[in-house]
Structures are given as structure tokens and as C-alpha cells.
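Chemist: Can you look at this prediction? I've put the sequence above it.
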Amino acid sequence: MVVSMLQIVFELPEVTSIKDKRRVVSSVKERLRSKFRVSCAEVDLLDSLRFAHLGAALVSNSREFGESVMQKALNFVEDGFSLRIHDAQIHSELF
């Protein structure tokens, strides 16, 4: 079993309230879940107004498949939302 993970730290330059931030972050999470069938959660920076830290995971039988899905998910976030990515990491663990 291979667990592939994606961590993204991004800035939301147009957000003016925590409520706006939650709306954008929820939209990102739901679209990742529905399009790529990954588990996704906001894992840190919960009280920050301008930054968010998301984690996503996928269980598969292939490191190459899992990491390719995570790369597509990262590209989707970069291209589909008005945010600035500060850090992104893709990693797989074999269990």
C-alpha cells in the first residue's frame, strides 16, 4: 500500500475576513475531493487571515500513480484559484 501526500501553503491576497478565507478554502477542498478523489483538510494556519495550509492524501498501489495524481491536483489549485502558492510538497510512503 502506498500513501501519497500533498501539502500546500498558499496566500489568499484578496481575502478580507476569516469568513472569506473559509469560503475559499472550503471551495478548494471540495473541488479537490470531487475532481481527484483525495482526502483533503486544512491542517494548519487556521486563524491566519492571509494564509492557509492544506493537506491531501491518496491511497493506491503505485507511487508513480499517487504522485502523478497529486501533481495534477497541485496544478489544478495553481491554475484554478486566485491564490499564491508559497510552498508545495509531494511525498509518498510505502506501508
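Modeler: Thanks, I have it. Just so it is clear, the model here is predicted, and its values are computed rather than measured.
Chemist: any idea how far Met70 is from Val25?
Modeler: 18 Å (C-beta to C-beta, to the nearest Å). All C-beta spots, glycine's among them, are computed from the backbone N, C-alpha and C.
Chemist: I meant Gln7, not that one.
Modeler: Distance of Gln7 to Val25, given as C-beta to C-beta: 14 Å.
Chemist: repeat for Ser60
Modeler: From Ser60 across to Val25, the span is 25 Å (C-beta to C-beta).
Chemist: Which residue of those two possesses the greater neighbour count?
Modeler: Set Ser60 next to Val25 and count neighbours by other C-beta atoms under 10 Å: Val25 wins out with 23 against 16.
Chemist: just checking, that one is part of a helix?
Modeler: Yes - counting by DSSP: H, G, I helix; E, B strand; the rest coil, Val25 is found in a helix.
Chemist: Tell me which residues touch it, please.
Modeler: Residues near Val25 by C-beta atoms under 8 Å, 6 or more residues apart in numbering: Glu42, Ala52, Leu54.
Chemist: Let me have those residues in JSON lines, extended by secondary structure and distance to Asp79.
Modeler: Formatted as JSON lines, the contacts of Val25 follow (DSSP: H, G, I helix; E, B strand; the rest coil; distance: C-beta to C-beta, whole Å):
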{"residue": "Glu42", "secondary structure": "strand", "distance to Asp79": "20"}
{"residue": "Ala52", "secondary structure": "strand", "distance to Asp79": "17"}
{"residue": "Leu54", "secondary structure": "strand", "distance to Asp79": "16"}
